[in-house]
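1. Starting from these lines, generate the structure:
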Amino acid sequence: MDFSTINWLAVIVAAVVAWLFGAAWYMGLSKPWLKAARLDPATMKRSPVPFIVSFIAELLMALVLTLVVGAVTGGEPSLLAGLIFGFVLWLGFVATTLSVNHRYQGFGWGLTLIDAGHWLGVMLIIGAVIGWFGPPAGAG
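-> Predicted coordinates:
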């Protein structure tokens with residue numbers, strides 16, 4: 001793995017923008033998501049931990065997507081490559097995992113669509129930011 005292809009600023013910006021997208025997504029879909037997840041807001045514990053874990057996960061996703069796009073493009077990521085690999089990795093790993101997990105957990109397809117839609121947005125945003133920023137300054 002060539003870590004010299006990592007544009008660290010792009011990784012951080014991608015994670016921040018993806019996290020903000022998630023906040024907007026779930027605020028907008030909070031009622032259907034709570035219903036689909038069978039959660040009662042009155043009994044839910046309030047904690048910053050899920051938000052912290054989400055951001056760390058999105059940092060890792062941005063790093064991994066950067067490495068994948070960098071490896072495939074020879075260290076020259078582009079917007080199109082970022083979007084394509086964001087979509088392909090979402091389809092191959094995220095959408096399939098959520099579909100399987102939610103079936104075993106007894107949740108309906110509504111929850112899967114809301115969560116999968118969120119992660120599709122996250123992966124496309126991360127891919128777009130990584131591709132738009134391009135290689136790190138001085139690379140090449």
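2. Low-confidence bits of the chain, can you list those?
-> 139-140 (pLDDT under 70).
3. Assign the residue positioned nearest the centre of the chain to helix, strand or coil.
-> Geometric centre of the chain, nearest residue: residue 122, 3.4 Å, by Cα atoms, centre = their mean. Using DSSP: H, G, I helix; E, B strand; the rest coil, the structure places residue 122 in helix.
4. Stretch 39-56: which residues count as buried?
-> residue 54 (16 or more other Cβ atoms under 10 Å). In this view, the C-beta of every residue, glycine as well, is placed from N, C-alpha and C.
5. chain center to that stretch: distance?
-> The chain centre lies 18 Å from the centre of stretch 39-56; the measure is Cα atoms, centre = their mean, to the nearest Å.
6. now swap in stretch 86-102 and tell me
-> That offset, for stretch 86-102, works out to 11 Å (Cα atoms, centre = their mean).
7. Please apply the same query to stretch 106-114.
-> 18 Å.
8. Can you give me the buried ones in that stretch?
-> Residues of stretch 106-114 classed as buried: 107, 111-114 (neighbour count, 16+ other Cβ under 10 Å).
9. does residue 11 really touch residue 60, like I thought?
-> No - between residue 11 and residue 60 there is no contact under Cβ atoms under 8 Å: 9.5 Å.
10. Name the helix or strand for residue 69, please.
-> Assessed by DSSP states H and E, residue 69 sits inside helix 49-72.
11. thinking again about what came up before, for the buried residues of stretch 106-114, give me CSV that also has secondary structure.
-> Compiled in CSV, the buried residues of stretch 106-114 are given as follows (three-state DSSP):
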residue, secondary structure
107, coil
111, helix
112, helix
113, helix
114, helix
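12. tell me which of these is nearest to residue 56?
-> Minimum distance to residue 56 across those is 21.8 Å, recorded for residue 114 (Cβ to Cβ).
13. Right, I'll call it a day here.
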